[in-house]
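1. Would you be able to build a 3D model of this:
(chains A and B)
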Protein chains: 2
Amino acid sequence: MTTQPDTRGRAAAATIFVCTTCRRKRADRPEGYDLPGVGLAAALAEEILRQGLAELTVIPVACLAVCRRPCTVAFAAPGKWTHLVGDLDADAHVADIVATALAVARSEDGIVPWVERPQSIKSGGLARVPPLGS
Amino acid sequence: MTTQPDTRGRAAAATIFVCTTCRRKRADRPEGYDLPGVGLAAALAEEILRQGLAELTVIPVACLAVCRRPCTVAFAAPGKWTHLVGDLDADAHVADIVATALAVARSEDGIVPWVERPQSIKSGGLARVPPLGS
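-> All right, here's what the predicted structure looks like:
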């Protein structure tokens, strides 16, 4: 247990990494795609500010290397499991993502009980990784 | 940068998480599948011991939640990017996985240059997540 991060005092925080590189097919665009993660990151930051959720941080990331399931996000917190979720819509799923990040922040180990996950988070699940030192 | 882990003095270490829950279809088994991650974790630990690579740690994990691309592993190190890789063969890819873990351990940020990745690690790439505090 020597490498387990000390999460006391910061156990209620969580970070949402948002991939801004995922391409979404858009027949109406000359280039044939857009980058919905850019708008999703902005919408999440705005919603977190609106709700006054100082425990949540949004970090746009140039590439989570999933690619085929935009938008993709990762929920991470010190000393907890990290979760990757894809197939998220930049408009429809902002509330689901914020609620899940809050649940991760308030959880003991980063694992949100299945029944408490919004449908978009359940169906978009890609992977999870335990914390180092767990 | 206040949450950036201090990696000085331990930058040369890396952990390989191995999913032991992934099911691989096996027509020759009465249950129709086996759990190749169990054998992969054992083979990796044996190879690391054989090579005397004290900087690498293998941790079997009950479920990385990828499921459809066994075997799945994650490469992780303090303060570095974490990488998830699937479609790995428990027999054929032990050397590739150990070489990649060593490259992660010796890298600055956990990102192994594309040209230095074994083919199995390239083609099995699932996702990556930045470190908290990056």
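2. Counting neighbours, what do you get for A:Ile16?
-> Counted with other C-beta atoms under 10 Å in any protein chain shown, residues neighbouring A:Ile16 total 25. Yep, even glycine has a C-beta here, placed from its N, CA and C like the rest.
3. Contacts only, for it.
-> The contact partners of A:Ile16, by C-beta atoms under 8 Å, 6 or more residues apart in numbering or on different chains, come to A:Leu44, A:Leu56, A:Thr57, A:Val58, A:Ile59, A:Val73, A:Ala74, A:Phe75, A:Ile97, A:Ala101.
4. you'd agree it is in a strand?
-> Yes. With DSSP: H, G, I helix; E, B strand; the rest coil as the criterion, A:Ile16 is part of a strand.
5. Look up the residues forming beta bridges with it.
-> Counting by DSSP bridges, A:Ile16 forms beta bridges with A:Val58, A:Phe75.
6. A:Gly86 and A:Cys67 touch, don't they?
-> No. Distance between A:Gly86 and A:Cys67: 9.4 Å, which falls outside the contact criterion (C-beta atoms under 8 Å).
7. how far away is the closest residue to A:Ile48 other than its chain neighbours from A:Phe17?
-> Nearest residue to A:Ile48, sequence neighbours excluded (C-beta to C-beta, 6 or more residues apart in numbering or on different chains): A:Leu56, at 4.9 Å. In this view, A:Leu56 and A:Phe17 are 12 Å apart by C-beta to C-beta, to the nearest Å.
8. A:Ala101 contacts A:Gln51, correct?
-> No. Counting by C-beta under 8 Å, A:Ala101 does not reach A:Gln51; the two are 11.0 Å apart.
9. For those two, indicate the residue with more neighbours.
-> Each of A:Ala101 and A:Gln51 has its neighbours counted (other C-beta under 10 Å); A:Ala101 has more, 27 against 12.
10. which residues sit in contact with the more buried one?
-> Neighbouring residues of A:Ala101 by C-beta under 8 Å, 6+ apart: A:Ala14, A:Thr15, A:Ile16, A:Leu56, A:Phe75.
11. change it to 7 Å
-> A:Ala101 makes contact with A:Ala14, A:Ile16, A:Leu56, A:Phe75, according to C-beta atoms under 7 Å, 6 or more residues apart in numbering or on different chains.
12. what about the last one, how many neighbours?
-> In this case it means A:Phe75. Residues within reach of A:Phe75, counting by other C-beta under 10 Å, total 26.
13. now swap in the one 4 residues further on and tell me
-> Here the count is done by other C-beta under 10 Å, and A:Gly79 has 19 residues near it.
14. gap between it and chain B?
-> Going from A:Gly79 to chain B by C-beta to the nearest C-beta, to the nearest Å gives 10 Å.
15. what helix or strand is that residue on?
-> Assigned by DSSP states H and E, A:Gly79 belongs to no helix or strand.
16. Good, we can wrap up now.
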